[in-house]
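Enquirer: Got a sequence here, can you model it:
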Amino acid sequence: MLLEFVRTHTAPAPVPFVPEITLWQADEPIALWEETEADGVEQPPPFWAFAWAGGQALARYLLDRPDLVSGRSVLDLATGSGLVAVAAALAGAQPVTANDIDPLSLAAAAVNAEVNAVRVETVEADLLDGPPDAYRVILAGDVFYSREMAGRVLPFLRRATNAGCLVLVGDPGRAYLPSEGLVERATYDIPVVESLESVPMRRTTVWQVLG
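Expert: Here you go, the predicted structure:
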């Protein structure tokens, strides 16, 4: 049912900055959000239906630097559409796990893995209080959009770095991006959905998280 909902309300199209990858994407966020709440149950915004700037930057970086993930276990934290997980799989990572607390997100990750002919495992859970060392690489796109989210994600990512993981985040200058403990690895100008971002382009950086 969730897979069908994703396919019904989105259409496959190349990702603007990563045209090697096809995603099932929506045209208009508000109408889709209203549709997810049609049964009267409050739902999170449909982050899964769009290629956000941070995810596009990470995906581009991984496809250009497959040596970072090839043959290594990868966690795509707060996966959204699964874009970063798909990129990691295309770059040779294995196994690749897409994690989110929104079941529609994981349905989107599944159909996006299918359309790109890669294998991605999905996990619906809040992993942020648990141990991060089950993975060699942890990836997180656009996770610093709120104070609450940043306050939970950052300690997890730093614990992962201290456990020996490579931790990369993609961020277009969100309000709660930490000001310390990051090393810039790449910066891109990413095409974005103007109705979501209020601009057609976002300068977006891939950062490595230090412990």
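Enquirer: where does this structure have low pLDDT?
Expert: Filtered on pLDDT under 70, the chain yields the residue ranges 29-30, 33, 36-45.
Enquirer: again, only using 90
Expert: Low-confidence regions of the chain, defined here as pLDDT under 90, cover residues 1, 5, 9, 26-47, 132-133, 193-198, 211.
Enquirer: Which helix in it has the most residues?
Expert: helix 147-162 (DSSP state H).
Enquirer: can you pull the contacts of the spatially closest residue to W52 that is not a sequence neighbour?
Expert: Nearest residue to W52, sequence neighbours excluded (Cβ to Cβ, 6 or more residues apart in numbering): D142, at 4.6 Å. C-beta coordinates here come from the backbone N, C-alpha and C atoms, glycine included. If a contact means Cβ atoms under 8 Å, 6 or more residues apart in numbering, then D142 has W52, A53, G54, G55, A78, G80, G170, D171, P172, R174 as its contacts.
Enquirer: Which of the residues you listed fall within helices?
Expert: Counting by DSSP H, the contacts of D142 place A53, G54, G55 in helices.
Enquirer: Can you name the residues bridging to the residue lying closest to the last one once chain neighbours are set aside?
Expert: Going back to what we said before, that points to G55. Ranked by Cβ to Cβ, 6+ apart and with sequence neighbours excluded, the top spatial neighbour of G55 is G141, at 3.6 Å. Partner residues in beta bridges with G141, using DSSP bridges, are G170.
Enquirer: and the gap between A98 and T122?
Expert: When Cβ to Cβ, to the nearest Å is applied, the distance between A98 and T122 equals 5 Å.
Enquirer: Settle it for me: which of the two has more neighbours?
Expert: Higher neighbour count among A98 and T122: A98, with 32 against 21, using other Cβ atoms under 10 Å.
Enquirer: What ranges does this structure have for its strands?
Expert: For the chain, the strands defined by DSSP state E occupy 11-15, 18-25, 74-77, 96-100, 121-124, 137-141, 166-171, 182-191, 201-209.
Enquirer: could I get the ones you listed as CSV with distance to Y61?
Expert: Below are those laid out as CSV (distance: least, Cβ to Cβ, whole Å):
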stretch, distance to Y61
strand 11-15, 13
strand 18-25, 10
strand 74-77, 13
strand 96-100, 15
strand 121-124, 22
strand 137-141, 9
strand 166-171, 7
strand 182-191, 5
strand 201-209, 5
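Enquirer: Please name whichever of the ones you listed is nearest to A59.
Expert: Using Cβ to Cβ as the criterion, the shortest distance between A59 and those is 4.5 Å, found for strand 18-25.
Enquirer: Can you flag the buried ones in the ones in helices among the contacts of D142?
Expert: A53, G54, G55 (16 or more other Cβ atoms under 10 Å).
Enquirer: Tell me who's in contact with the residue positioned nearest the centre of the chain.
Expert: Centroid check for the chain by Cα atoms, centre = their mean gives T79 as the closest residue, at 3.8 Å. Counting by Cβ under 8 Å, 6+ apart, T79 touches A85, A98, N99, D100, S105, L106, A109, T122.
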